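Colleague: what follows is a predicted protein model with its sequence.
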Amino acid sequence: MAKSHVERIERDELTCWRVRYGTGELLISQQGAQILSYREDDQPPLIWLSEQAAYARGQGVRGGVPVCWPWFGSLQRNPQAVQALHDDPAAAPAHGLVRNLDWQLLGIESGDAGVHLEFAYNTATQPLPHWPHAAELRLSIRLDGRLHIALHSHNLGASPLPISQALHSYFAVSDIHQVSVEGLHGCRYIETLEDWQQRQQDGLLQFSGETDRIYLDTPAQLSILDPAWQRRIRLHSSGSNSAVLWNPWTDKAQRLSQFAADAWPGMLCIEHANVLDDIRTLAAGEHHQLALSLWSEPLSN
Ligand SMILES: O=P(O)(O)OC[C@H]1O[C@@H](O)[C@H](O)[C@@H](O)[C@@H]1O
């Protein structure tokens, strides 16, 4: 029977929970309900956390799985309907408003089958700056040999609520030059580094320079093939048909906060999302769930 254990710890200014189940260990901060790291004892981390991460109030932590909501990326690059919910789109921060705020921990269930934590953020009781709308967010995190993350949005208002969002997951890889992403063949993508031109993926995605792409019509199953670490990270999602693939490479790495200049070969972001023509408009009272399960398999499988 796998053993489980949950303990509350402080990392500098942030309250966190360290969660163990069997060979798995998760670290989660209350700020942003952000998964900071995830590893299984017998292998390198699955989720990457920067060596230069700062655990400071009001500042996103570099790495883990930040929640981007109620918009993803630059608000001004979002469809007009998403921008219109904000009082001042030109002054809005990237990646929405909830990644730097404390969420409420609703409960922890720990048992033989796994450990489950549930966080909530209610914009009716904890208003967001310049975004005067009522919605409840829930983030469910379950560790049971695999990691399951579900971001649930509920429109509490009387009008339709258009949102974009993402689980901005940073994955740990042996060396970005050697990994491939499987499952994107045939998908349209927006090349944000070249005037947001639309292109189409042909075959596996491999990396040879700065990458910042928005893939559309994405399937429910993607994977990261990592021969040097002899593993494949499986990613199964629901409620999402878009994904952002990002590696800053050499130059952008030097400009990023909390990011060592030589850290870029060891990480890859695959951000399961609802962006561009995959944004979701929740009718009054409607719910939407964006979910991701991840685990690794040895390459012989
Ligand atoms: O530094 P931030 O706000 O966490 O954003 C990191 C990256 O997030 C990615 O989602 C974007 O596509 C990149 O363009 C961006 O640089």
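Modeller: Perfect, thanks for sending it. Residues are numbered from 1 along each chain as shown.
Colleague: what does the stretch 151-300 of the chain put close to the ligand?
Modeller: Residues of the stretch 151-300 of the chain lying close to the ligand (CB under 6 Å from any ligand atom) are 168, 212, 244, 246, 256, 271. Where you see a C-beta, it was placed from the backbone N, CA and C, and this is true even at glycine.
Colleague: let me know the secondary structure of the fourth one.
Modeller: Classification of residue 246 by DSSP: H, G, I helix; E, B strand; the rest coil places it in strand.
Colleague: circling back: selecting buried members of the residues of the stretch 151-300 of the chain next to the ligand in ChimeraX, what would you type?
Modeller: A single ChimeraX command selects the buried members of those (16 or more other CB atoms under 10 Å):
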select :168,212,244,246,271
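Colleague: helices along the stretch 1-150 of the chain, start to end?
Modeller: Secondary structure of the stretch 1-150 of the chain (DSSP state H, counting those that start in this stretch): helices at 80-83.
Colleague: export the residues of the stretch 151-300 of the chain next to the ligand as TSV, with columns for distance to residue 16 and pLDDT.
Modeller: Converted to TSV, those look like this (distance: CB to CB, whole Å; pLDDT from 0 to 100):
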residue	distance to residue 16	pLDDT
168	18	99
212	29	98
244	26	99
246	25	99
256	22	98
271	22	99
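Colleague: among the residues of the stretch 151-300 of the chain next to the ligand, which one lies nearest to residue 50?
Modeller: Nearest to residue 50 among those: residue 256, at 8.9 Å, using CB to CB.
Colleague: which residues touch the closest residue to residue 13 other than its chain neighbours?
Modeller: In space, residue 13 comes closest to residue 57 once its chain neighbours are excluded; the distance is 4.7 Å by CB to CB, 6 or more residues apart in numbering. If you count contacts by CB atoms under 8 Å, 6 or more residues apart in numbering, residue 57 has them with 13-14, 31.
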